[in-house]
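# model this:
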Amino acid sequence: MNWLLILIFLAFTFFSCKKKENPIPQVDNYLSLTVQPKFGSNNLFLDSIYTSPEGYKVKFTDLKFYITQLKNGSSTLTDATIFDFRENGIVAFRKIGDKTQFSALQGFIGVDGTLNHLDPSAFPNESPLNISNSGTMHWGWNTGYIFLSIEGKVDTIPDGNNSLDHSFSFHIGTDSYLSDFSFSNLSWQNPSANEFILPFKLDLLSFLQNPNQPIDLKTNFLTHSGAGQEALSEIVVQNFKQAFQPN
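Okay, here's the model as predicted:
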């Protein structure tokens, strides 16, 4: 009888210990969205010189834009992120998530109206919309954010001198120029364990030479989305939208 009690006690002790074993820890997956700026088939680098469709020598010195309300249906990937090529390279954001929820994405280039006119100092410190993070992408003279910024220098006299003394600046903002996008059948890359990347490209050659509305930097070189600049602002928005595609 004593042996039976001992066996019952040992069995109880064994299964109690099994229950107390630590469970296998859940490993987080990280999702990143990258944007590779390009000039035609070549990767684009800030401050490098390229040749425009008109034969101009051109270099890009600034490339920034906001993406907001990036989601697939009711699943949100990010409320807001800022792409700053000079400061952060090709990575728009990296966060914990589940890629299976995001085989398609919808969102906005720019800051949607629910966020655009809020106090930029009231956002959490880590938010890309906080004034300390938005920097020059929030207008001091106008309520709201700059949605996209493309700046550079160009030589409009193709004589081989490369005197890039003509500036161009495209600053798009205000609710009128918020641009929506939608992509389906997206393919996430898995370069290493628990890392998933969704690669996009932004072709600035395509941006300039869009066949429906090309941008000649000699005559179309400035818009801050103000009065009298509506036509060029709309062209910049539409060309940018078509140049921004999954890679």
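
# check which residues of the lengthiest strand in the chain are buried.
The longest strand of the chain (DSSP state E) is strand 57-72. Using 16 or more other CB atoms under 10 Å as the test for burial, strand 57-72 gives 57-60, 62-72. Where you see a C-beta, it was placed from the backbone N, CA and C, and this is true even at glycine.

# repeat for stretch 183-190
Phe183, Trp188.

# tell me if Ser206 really is in a helix.
Yes. Under DSSP: H, G, I helix; E, B strand; the rest coil, Ser206 falls within a helix.

# excluding residues flanking it in the chain, which one is nearest it?
Ala243 (4.5 Å; CB to CB, 6 or more residues apart in numbering).

# return the list of strands paired to the longest strand of the chain, each annotated with direction.
Paired strands of strand 57-72, with direction, are strand 49-51 (antiparallel), strand 75-84 (antiparallel), strand 105-109 (antiparallel), strand 146-155 (antiparallel) (DSSP bridges).

# now do that strand: distance to the chain's middle.
How far strand 57-72 lies from its chain's middle: 6 Å, per CA atoms, centre = their mean, to the nearest Å.

# output it in CSV with nothing but the alpha carbons.
The C-alpha coordinates for strand 57-72 follow below in CSV (Å, rounded to 0.1, in the frame of the first residue of the first chain):
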residue,chain,number,x,y,z
LYS,A,57,22.1,68.2,-65.6
VAL,A,58,20.1,67.8,-62.4
LYS,A,59,20.8,66.8,-58.8
PHE,A,60,18.3,66.2,-56.0
THR,A,61,19.2,67.6,-52.6
ASP,A,62,16.1,66.8,-50.6
LEU,A,63,13.4,64.1,-50.7
LYS,A,64,10.8,63.7,-48.0
PHE,A,65,7.2,62.7,-47.8
TYR,A,66,4.5,61.6,-45.3
ILE,A,67,2.5,58.5,-45.5
THR,A,68,-0.6,58.3,-43.2
GLN,A,69,-3.4,55.9,-42.4
LEU,A,70,-1.6,53.0,-44.0
LYS,A,71,-3.8,50.0,-43.5
ASN,A,72,-5.5,47.0,-45.0
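
# before we move on, back to that, tell me the one of the buried residues of strand 57-72 nearest Asn190?
Taking CB to CB as the measure, Asn190 sits nearest to Asn72 out of the buried residues of strand 57-72, at 18.5 Å.

# surely the closest one is in contact with Lys99?
No. In this structure Asn72 lies outside contact range of Lys99 using CB atoms under 8 Å: 10.5 Å.
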